[in-house]
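S.K.: Model the structure of this input:
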Amino acid sequence: MTPKRQHRAPLLGAARPPRCLRRSCTPKAASQLSRFPRTTAHSAEPSSCAPPPPPPLLIPAGPAPSWAARRHFVGGHRLGTERVSRGCHGNAARPARPGLASMRGKRAVGPWLVMAGALLVLLGLLGGSQVLKAFDYFYPSSGQQQMYKLDISWPKIPEYFTGQTFCVAVDSLHGLVYVGQRGDNVPKVLVFSEEGYFLYSWNDTVEMPHGIFVLNTATDSSVWITDVGAGKYGHTVKQYSPSGKLLQILGTPGNAGSSLNPIQFDQPAEIFVEESGDMYVVDGDGGMNNRLLKLSTDYKEIWLSGENGTGIGQFKIPHSVTVDPYGRVWVADRDNRRIQVFDKVTGEWLGAWSSCFSEDGPYSVRFTADYKYLIVAQMNINRLAILAAPPVGIIGDCAIVNAIQLADETKPHLVDIDMKSGAIYIAEIGAQQVQKYVPIS
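M.R.: As a prediction, the model looks like this:
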């Protein structure tokens with residue numbers, strides 16, 4: 001008797017033949033697996049392994065670059081790379097990398113999770129055009145309405161994200177989105193259109209970008225990057241042209257310090273620049289300095305606030321900074337789990353918010369386009385809290401009016417707002433991507 005053939009599920013991460021040799025591989029089907037953690041419904045299409053249609057002129061012709069590593073996530077876990085759809089685009093399949101769970105010393109994702117992902121796809125096919133996304137929205141209290149929705153079309157080609165995406169900045173005037181990422185042999189700055197098309201990148205003189213800010217005035221259009229690297233470009237705040245030409249370096253490259261003349265930084269976290277040219281720097285992201293600096297247009301100190309500590313005006317990792325139209329500077333005091341507020345003219349302490357951050361400290365602070373709300377990223381609980389912004393007058397205490405709950409392990413680090421459209425862009429170091437959420441009118 002011929003023994004029955006035993007069927008065994010392939011080990012996770014094992015090399016597999018291109019998807020086009022196993023079943024339908026339309027561009028839409030491939031795109032369903034390229035983003036985390038979304039599942040989109042599509043109508044059935046005939047099987048085809050033909051390359052996708054040529055992209056718009058804004059994107060270089062041909063497939064994604066060789067350094068573009070495709071990522072597959074289901075339910076907050078990475079399932080491995082390159083084993084599903086690289087072969088469908090004419091590129092040789094690469095060995096899969098370890099899953100996110102196994103890299104953390106946890107049990108590898110089992111076949112049950114793959115089945116769960118397949119079930120989500122099936123539900124999407126049965127549910128019309130509805131987007132299915134596990135744990136997408138969280139409402140702090142009953143009766144709250146959804147304020148934002150995920151733009152699943154941004155970016156057009158997510159494979160351009162090849163490192164850990166730490167920061168994002170929006171040029172609302174020119175419709176550009178700048179993304180800072182880290183990793184070996186990857187471009188450190190990526191530039192996209194607001195529609196999601198990749199435009200160009202640069203890599204020179206950037207080591208470990210942490211924060212990024214775009215300034216547009218009648219006389220100036222520039223990109224500011226805080227670099228926390230320990231190499232020859234680190235511990236600096238740098239100004240670039242929109243095309244990536246280095247214009248200015250603040251700090252002593254490669255040397256950490258606390259001096260104010262000449263100015264020195266130790267892992268500066270973020271910068272905010274006003275149209276007047278005055279700038280606010282939170283310094284630093286775990287270094288010797290825990291301070292907020294206001295600098296003049298000639299990069300001299302106007303005032304300084306902060307030192308290491310838990311008291312009023314003291315910081316434990318000042319991580320993000322923004323300014324409102326009422327002359328107030330808002331600082332995410334990350335490890336003290338609070339937001340501190342200062343007068344932008346004098347540096348006087350005005351108040352603090354802490355009751356909203358018992359679960360996790362604030363990582364990023366940005367006002368919405370109408371300045372009615374403050375968007376706060378909380379990385380360790382994968383949440384964007386939407387807080388009511390106080391009008392002129394007393395600061396009071398914080399109130400969460402809504403939230404966007406992201407999937408597990410996304411790790412939202414820094415965010416930025418398109419001041420024209422109101423869209424929120426989220427740099428996620430866990431998912432290694434930037435996602436776009438648009439207001440629901």
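S.K.: Quickly list what the closest residue to G244 other than its chain neighbours is bridged to.
M.R.: With C-beta to C-beta, 6 or more residues apart in numbering as the measure, W202 is the residue that lies nearest to G244, at 3.2 Å, once sequence neighbours are left out. Backbone N, C-alpha and C define where each C-beta goes, glycine included. Beta-bridge partners for W202, by DSSP bridges, are V189.
S.K.: ok, W202 - contacts?
M.R.: Neighbour list for W202: P187, K188, V189, Y240, S243, G244 [criterion: C-beta atoms under 8 Å, 6 or more residues apart in numbering].
S.K.: Which pLDDT value belongs to it?
M.R.: Confidence at W202, expressed as pLDDT, is 94.
S.K.: That one and G286: what is the separation?
M.R.: For W202, the distance to G286 (C-beta to C-beta, to the nearest Å) stands at 26 Å.
S.K.: again with N255
M.R.: 17 Å.
S.K.: tally of neighbours for G287?
M.R.: For G287, the count of nearby residues is 18 (other C-beta atoms under 10 Å).
S.K.: Output stretch 220-234 as PDB, nothing but the C-alphas.
M.R.: Extracted C-alpha coordinates of stretch 220-234, given in PDB (Å, rounded to 0.1, in the frame of the first residue of the first chain):
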ATOM      1  CA  ASP A 220      12.600  80.800   3.600                       C
ATOM      2  CA  SER A 221      11.800  77.200   2.800                       C
ATOM      3  CA  SER A 222      13.900  74.700   4.700                       C
ATOM      4  CA  VAL A 223      13.900  71.400   6.600                       C
ATOM      5  CA  TRP A 224      15.300  71.100  10.100                       C
ATOM      6  CA  ILE A 225      16.400  67.800  11.500                       C
ATOM      7  CA  THR A 226      17.600  66.800  15.000                       C
ATOM      8  CA  ASP A 227      20.300  64.200  14.800                       C
ATOM      9  CA  VAL A 228      21.000  62.000  17.900                       C
ATOM     10  CA  GLY A 229      23.700  59.900  16.500                       C
ATOM     11  CA  ALA A 230      27.000  59.300  18.300                       C
ATOM     12  CA  GLY A 231      29.100  59.600  15.100                       C
ATOM     13  CA  LYS A 232      30.500  62.600  13.300                       C
ATOM     14  CA  TYR A 233      27.100  64.100  12.400                       C
ATOM     15  CA  GLY A 234      25.400  63.500  15.800                       C
END
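S.K.: Of all the residues in that stretch, which ones are buried?
M.R.: Of all the residues in stretch 220-234, those buried under the rule 16 or more other C-beta atoms under 10 Å are S222, V223, W224, I225, T226, D227, V228, G229, Y233, G234.
S.K.: One more: stretch 271-280?
M.R.: In stretch 271-280, counting by 16+ other C-beta under 10 Å, buried: I271, F272, V273, D278, M279, Y280.
S.K.: Which helix or strand contains the second one?
M.R.: What that stands for is F272. Element membership for F272 (DSSP states H and E) is strand 268-273.
S.K.: so where do the helices sit in the chain?
M.R.: Along the chain, the stretches classed as helices by DSSP state H are 27-32, 100-103, 111-126.
S.K.: Of the ones you listed, which shows the lowest average pLDDT?
M.R.: helix 100-103 (a mean of 33).
S.K.: what does stretch 296-315 rub up against?
M.R.: Residues outside stretch 296-315 that contact it (C-beta under 8 Å, 6+ apart): 250, 260-261, 263, 276-278, 282, 290-295, 316, 318, 331, 333, 336, 340, 342, 346-347, 349, 352.
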